[in-house]
Structure formats: structure tokens, C-alpha cells
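Novice: Have a look at this prediction, sequence included:
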Amino acid sequence: MTEVTMAAGDSREFNGASPEAPEALRSNVYALLANLTAGPPSAELLNALASIDVPEDAADTPLGEAWAMLQSVAGNTSADRAADEYQDVFIGIGRGEVVPFGSWYLTGFLMEKPLAVLRGDLERLGFRRQENVSESEDHIAALCDVMGMISSQTDGADHTEQAAFFSAHVAPWAGQFFQDLQNAASARLYRVVGFLGERFIDVETKYLEVTPNPVERRVVT
């Protein structure tokens, strides 16, 4: 069984590579999104993002604009500022401005049936949750972490298995989550993270040949 951080987002490191062909960087982008949504970025990660080399011929691609925006905002964001923003957006007092759990988006409640189904699929794929992690497995960071591992070009799952997991547990709500992240009142860095995430989910939906079936947006009050 493979242990997954399940919303710790640090099982694999974003390597700061330039945004080349989206297919070649799928696992890397998932790792980045897992890290950024699991907790506030370190100064080292912000520096790596600020150093991204966005090729001129990538500017007109679906992800090129998002990479350029992320490079810019990361270079103007301190680790302390990012930590404060993460606190406001994801945690807040009682609840943050966005709720990063699949069950909430799919049912309006936490810890519901979609989580049980997810746990069964994770066990079948050979994943288990680390004992010291408190967040449930349907946290967006955990799902990005898993997608990053099964999309790895070296030891990942085949295309069909990736598409099945993405279709069942990511596609129905992740795009809407990243849209909501862009609209969070406290978001600055995370507005761009949301933009990147939304664009990436669109690319993945086409690459994995998944038929979009998004849920209706749920407003956090």
C-alpha cells in the first residue's frame, strides 16, 4: 500500500520546471496544486514559482497565461503574507471562504457518501491515508496528490484508470472549487492558484476524454 499525505500535499515536490507540453508536466502540476491547497507555500516554493521560465510560445496556450500570472504574484508575495491569506481563505473562524472537500460540493455536507466511495477506490488502487493526517481524503490537496501519483510517467496507472478516478472524484467539483477560489474575498495569490487550477482541470478533462458533469456552485455563508 502507498501512503498518501491526504491533504498534507508534500509527498512529492514541485520542481519549478518551465511549463512545456501540458502532458509532460501533468504529475508536476498536480503536485504543485496539492502543495498550495494543503497549506501555505514556503518561501522556497514561492521563490521557485517566481523563477518559472514561461516560454514566449506558451503564452497563448490554455495554461500559459496562468503560469505567467503565478510567476508574477509569487514574486510579490512573502511567506508570511501567503500564510495569512491561506488562513483567511481556507480556515477562517469556524470556516474559511472556500470549503476544499468533495463531499461538501457534491452533497452540501461533509463526510458523506462520496467520501465512502472514494475510500473504496483508493484502497483498490493501493493507497492508504497516513495516520497523523486529520483531513478527510476528499480534500482537494489529497485528490491532487493521488492524481499526481497515478499520472506519473514512471510508475503511474494507465490512461483508463486515471480517467475513471478523475471522472468519479475530481471532474464533478474541482473546476467549480477553483472558480470559487478565484472569487474568495481574501484571495490574491490564491486567486491565481484558482485560475491555474481551473485551466488545468479543463486541460485534464480534454486529455482524459472525460465528459464534464459539474455540480452547481454552493455558496459558503
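Specialist: Everything's here; your move.
Novice: Now name the helix or strand holding the residue nearest the centre of the chain.
Specialist: Nearest residue to the geometric centre of the chain (C-alpha atoms, centre = their mean): Leu33, 3.7 Å. Assessed by DSSP states H and E, Leu33 sits inside helix 26-38.
Novice: those strands in this structure, which residues are they?
Specialist: Per DSSP state E, the chain carries strands over the ranges 2-4, 127-129.
Novice: contacting residues around the spatially closest residue to Gly102 that is not a sequence neighbour?
Specialist: Excluding its sequence neighbours, the residue lying closest to Gly102 (C-beta to C-beta, 6 or more residues apart in numbering) is Asp138, at 3.7 Å. Backbone N, C-alpha and C define where each C-beta goes, glycine included. Applying C-beta atoms under 8 Å, 6 or more residues apart in numbering, we find Asp138 in contact with 101-103, 114-115, 118, 169.
Novice: Kindly report the same for Ala187.
Specialist: Contacts of Ala187 by C-beta under 8 Å, 6+ apart are 85, 89, 97, 181, 194.
Novice: Now do the same contact list for the closest residue to Leu33 other than its chain neighbours.
Specialist: Excluding its sequence neighbours, the residue lying closest to Leu33 (C-beta to C-beta, 6+ apart) is Cys144, at 4.5 Å. By C-beta under 8 Å, 6+ apart, the contact set of Cys144 is 9, 30-31, 33-34, 37.
Novice: of the residues you listed, the lowest pLDDT goes to which?
Specialist: Among the contacts of Cys144, Gly9 carries the lowest pLDDT, at 44.
Novice: Output the helix holding Leu33 as CSV, restricted to C-alpha atoms.
Specialist: Provided in CSV are the C-alpha atoms of helix 26-38 (Å, rounded to 0.1, in the frame of the first residue of the first chain):
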residue,chain,number,x,y,z
ARG,A,26,0.7,16.7,-15.5
SER,A,27,2.1,15.0,-12.4
ASN,A,28,4.2,18.1,-11.6
VAL,A,29,1.2,20.4,-11.8
TYR,A,30,-0.9,18.1,-9.6
ALA,A,31,2.0,18.1,-7.1
LEU,A,32,2.0,21.9,-7.1
LEU,A,33,-1.7,22.2,-6.6
ALA,A,34,-1.6,19.7,-3.8
ASN,A,35,1.1,21.7,-2.0
LEU,A,36,-0.6,25.0,-2.5
THR,A,37,-4.0,23.8,-1.3
ALA,A,38,-2.7,21.7,1.6
